[in-house]
Structures are given as structure tokens and as C-alpha cells.
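Peer 1: what follows is a protein structure lacking sequence information:
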């Protein structure tokens, strides 16, 4: 094979693997919001498929059941695509290092990537490449497995207060209903405790839903609950308590409103949503 062509194949393989490493690190390891083009493409393609399926459902409940699977399946699709790209990249590199048949290069790459070991590299360069292939495959899987508990922990913490709000503001929740129920149990004077709790919730939403952006698409366990709706209800209730209810003005309520819109704006900025 011509030297220039060999270099191009090897460079193409390296570039493909580098794209995967960059996507995996920025999606799973980097503790800040980062838009990853590859991850975005995967989620957008999956969304188109789910939109088509959900569009055939006649009721909201049916659409909700379909869309509840969107985030988990899209998330699980990420390592599949990454491993496929690593497989392709190393196939190109093995071919560039003298493995003449594309089929043989593919089998050697797959054997190394999935640590099957049924193909023995023929020399030192291909052996080194096989070791690197196996290390990257194991690394991507290990990173993803470690990532799943953190995202489901953040999801559970978010939903605890969504359920808490459901008990106080009805289902689906309403700011007016929240204040009426609070008045009925004579707890209007203790609302500062609620506002402080939701300030912390909004701060956590801002941090987790930008650094772990997949959380935005995870739906609540019940179709009549939503963290977005809950956030709006809390901010409305805090604003109404300071502007309309005959109780002393509360700085905690004002801080809750500010924490809420700052949090939602941060999420909107990440997804380039205008407001």
C-alpha cells in the first residue's frame, strides 16, 4: 500500500478514536456543561424516531409512556455508538499497519476491543495497537457504568421535591392551590422553610442539569408530574406570597424566585433556548 495512503488511513483512524475519547470525557467526566457535537447528533436522531412513534398516540398518557423511554434509550445508545466508532477507527489503523484484508483488520480490532483474544497480533506495532484498543474499550464501558449511578442519584433527588410539591399543591400542581392548602393548615408563617428548601433544589438543578444534560429529558415517574411545571409553580407561589398574600414580606421568597429563574436560564443557555 502506498505510504501516503497508509498515513491517511492511520490518521483517519486516530481522528475517529479521538472524537470518541473527547465525547466520552466531556459527556461523562467533565464537571461542567459542555456541548458535544457527537452526543448531540445521537440524541437528535433518537428524538426524531421517538417523535414519530409518539405522534401516533392519541392521548397524552400514551405519548408520555413512549417519551419516558427516550432519555434512557438514548443514554444507553451512547456507548454503543462510541464502541462502534472505536472499532472502525482501529480497523483503519490495523489496515494501515499492514493487515491487508479489511475483514481481518475488522476481526483483529473487534477481538482486541472486546478482549476476546482469539486473534494474535503478528508484530510489535499491531500488538501495541491491540493493547490500546482493549484499554479504550474497557475504559469507555467503565466510565459509562460509573456514570449511571450518579445520574440516577441526581434524578431521585430531583423527584423527591417534585413529589413533595404534589402533596402540597395538588396533581398537577398549582401555585394557587399550594397557597390555599398552606393557609388551610395555618402554615403561611412557616413558608420560609419551603422557600429555603427549594433554593437548594434550584441550585442543584442548575448544576446537575447542565453538567449531566441527559437529566433534562428524564421524565417524572408519573405522567401528571414534571420538574419543569414544579419549578414554575414554586416561583409563582413565592412571587404571590410576597405580592398578594397578607403576610410579612419574605426575603427567602424573593431569593427563591431569583434562584429559580437563574437556574432555568442556565439550563436554557446550555440548550440555546431563547427567553
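Peer 2: Cool, got the structure. As the structure is a computational prediction, the values presented were derived from the model and not from experiment.

Peer 1: now do the most centrally placed residue in the chain against residue 263, distance only.
Peer 2: Nearest to the centroid of the C-alpha atoms of the chain, with distances taken as CA atoms, centre = their mean, sits residue 214, at 1.5 Å. Residue 214 is 17 Å from residue 263, where distance means CB to CB, to the nearest Å. Bear in mind the C-beta positions are built from the backbone N, C-alpha and C, glycine included.

Peer 1: just the pLDDT for the residue nearest to the centre of the chain.
Peer 2: At residue 214, the pLDDT value in this model is 93.

Peer 1: list the buried residues in the helix or strand hosting residue 10.
Peer 2: Here residue 10, judged by DSSP states H and E, is contained in helix 3-28. Buried positions in helix 3-28, judged by neighbour count with 16 or more other CB atoms under 10 Å: 9, 10, 13, 16, 17, 19, 20, 23, 24, 26, 27, 28.

Peer 1: need those residues in TSV (columns: distance to residue 153 and pLDDT).
Peer 2: Formatted as TSV, those follow (distance: CB to CB, whole Å; pLDDT from 0 to 100):
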residue	distance to residue 153	pLDDT
9	43	91
10	41	92
13	37	93
16	33	95
17	31	95
19	29	95
20	26	95
23	23	93
24	20	93
26	21	92
27	17	90
28	15	90
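
Peer 1: select, from these, the two members most distant in space.
Peer 2: For the buried residues of helix 3-28, with distances taken as CB to CB, the pair at the greatest spread is 9 and 28 (28.8 Å).

Peer 1: low-scoring pLDDT stretches of the protein, where are they?
Peer 2: In the predicted model of the chain, residues 1 satisfy pLDDT under 70.

Peer 1: neighbours of the nearest residue to residue 15 once chain neighbours are set aside, how many?
Peer 2: Here the nearest residue to residue 15 in space, its sequence neighbours aside, is residue 89; by CB to CB, 6 or more residues apart in numbering that works out to 7.7 Å. By other CB atoms under 10 Å, 24 other residues sit near residue 89.

Peer 1: over to the one 5 residues further on?
Peer 2: Residue 94 sits with 28 neighbouring residues when counted by other CB under 10 Å.

Peer 1: could you grab the helix/strand/coil label for it?
Peer 2: helix (DSSP: H, G, I helix; E, B strand; the rest coil).

Peer 1: tell me who's in contact with the nearest residue to it once chain neighbours are set aside.
Peer 2: Nearest residue to residue 94, sequence neighbours excluded (CB to CB, 6+ apart): residue 105, at 4.1 Å. Shown here is residue 105, whose contacts under the criterion CB atoms under 8 Å, 6 or more residues apart in numbering are 91, 92, 94, 95, 99.
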